[in-house]
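Colleague: for reference, the sequence and a predicted model appear below.
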Amino acid sequence: MRMTGRKALAAATIGASLLPGIASAQEQTATLAFGPSTAVYALGMIAEAKGFFKSEKLDFKLILGNAGTHGRQALAAEQALFAHGDASHPLQLSTRGKKSKIIMATQMIASISNIVVRKDLYDAGITTVEKLADYKRPDGAKPIVAATAIGSGTWMYGTYVFESKKLGDRMNWVAGGGPKTMFPGLETKQFDAIMAVPGWVIEAEGRGFGKAIYDTSKPGVFVDAFGGTVPVLVIYTLEETAQQKKALVQSFINSMYQAMQWVKATPIDEVYKLVGEKYFAGVDPVAVKAEMGFDKATWAYDGRIDKASFERGGKVWYRKGSDIPESKYADLVDMSFLDAAQAKFK
């Protein structure tokens with residue numbers, strides 16, 4: 001019987017849940033939590049499929065959720081050793097007593113800050129962020145914008161887009177979940193706009209119920225707003241893991257870095273062939289490849305975060321509503337494992 005992408009991820013999740021607990025798990029087991037199931041988080045899948053974890057003598061498990069907050073919660077509950085998500089999550093964990101370390105970046109230009117409006121609104125002239133902010137629903141209420149979850153990366157970047165334009169108080173934000181709830185919400189006019197990764201932009205436009213009005217895949221859109229790149233999606237772990245399980249963390253980063261280098265040198269169609277059928281069955285291949293293509297076009301492929309890019313990220317992280325106090329680069333970022341991986345795999 002053919003296993004669908006959803007079943008494959010469910011099986012991976014179940015496999016991880018059967019572990020006796022991170023504290024007693026064997027050193028060779030590495031669990032990675034993230035959400036939702038989109039290609040922007042495919043690096044771990046690629047590393048597994050290419051055998052990079054196996055070559056590092058790691059047993060790899062995925063733990064999937066519906067939003068970026070899932071990774072943060074799984075890490076805090078010690079259900080996972082590593083998480084892949086928005087850089088704000090390890091900051092939030094650290095301020096809540098779960099000191100964390102960012103150990104690698106996988107995205108430095110945000111693919112998660114695209115904004116898609118209902119097609120009927122776009123046809124009526126709502127073609128920019130400013131025009132969306134001026135729109136009123138039939139009952140006079142502010143427009144409703146859905147992020148995957150309140151506090152997620154899509155929420156962090158979405159709210160910043162409006163706040164940077166002095167429009168922060170003109171939206172009502174709600175949790176929209178993954179595509180299976182986001183799309184129907186937009187199509188039935190429950191939402192006026194949604195935050196969307198590139199694949200969701202392709203699907204919403206292709207199916208005729210949405211249209212992008214803010215698209216970071218266009219050259220200059222993101223860098224012009226931020227003055228440069230920022231750590232958007234990162235791999236992070238608890239500080240105690242980085243300190244007490246150095247060999248395991250090093251092997252994990254070795255695997256992920258090798259996967260990143262493989263993606264850099266490989267055509268998108270071949271990357272899709274490796275993981276598309278297993279993990280994204282039922283999703284439009286064009287949409288999946290669009291997400292993979294966004295990363296391929298914007299990644300520096302070195303996984304590095306410097307102090308300047310980290311400080312630019314503060315524009316997003318340290319705002320009213322985020323409840324994240326300012327943190328020092330040296331306290332949150334540890335590039336030593338990446339340094340070792342780069343030295344090993346030149």
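Modeller: Great, that's in hand. Numbers count the residues shown, from 1 in each chain.

Colleague: so which helix or strand takes in the most centrally placed residue in the chain?
Modeller: Nearest residue to the geometric centre of the chain (CA atoms, centre = their mean): Gly85, 4.4 Å. Per DSSP states H and E, Gly85 falls inside strand 82-86.

Colleague: the residue nearest to the centre of the chain reaches Pro231, doesn't it?
Modeller: No. Between Gly85 and Pro231 there is no contact under CB atoms under 8 Å: 11.2 Å. Every residue, glycine included, has its C-beta placed from N, CA and C.

Colleague: tell me where the stretch 51-200 of the chain has helices.
Modeller: 52-55, 69-76, 88-95, 119-123, 129-134, 153-164, 179-187, 198-206 (DSSP state H, counting those that start in this stretch).

Colleague: who touches the shortest one?
Modeller: Which is helix 52-55. Ala30, Ala47, Asp59, Phe60, Ser251, Phe252, Asn254, Ser255, Met256, Gln258, Ala259 (CB atoms under 8 Å, 6 or more residues apart in numbering).

Colleague: now those in TSV, with neighbour count?
Modeller: What follows is the contacts of helix 52-55, written out as TSV (neighbours: other CB atoms under 10 Å):
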residue	neighbour count
Ala30	26
Ala47	28
Asp59	15
Phe60	23
Ser251	22
Phe252	30
Asn254	23
Ser255	26
Met256	29
Gln258	21
Ala259	23
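
Colleague: between the residues you listed, which is closest to Ala225?
Modeller: Met256 (28.0 Å; CB to CB).

Colleague: helix, strand or coil for that closest one?
Modeller: helix (DSSP: H, G, I helix; E, B strand; the rest coil).

Colleague: okay, it: pLDDT?
Modeller: pLDDT for Met256: 97.

Colleague: that one and Lys61: what is the separation?
Modeller: As judged by CB to CB, to the nearest Å, Met256 and Lys61 stand 14 Å apart.

Colleague: domain parsing for the protein?
Modeller: Domain segmentation of the chain under automatic domain parsing yields 5-109+230-344, 114-215.

Colleague: what score does the closest residue to Gly303 other than its chain neighbours have for pLDDT?
Modeller: Among residues not flanking Gly303 along the chain, Met104 sits closest, at 4.4 Å (CB to CB, 6 or more residues apart in numbering). Looking at Met104, its pLDDT stands at 97.
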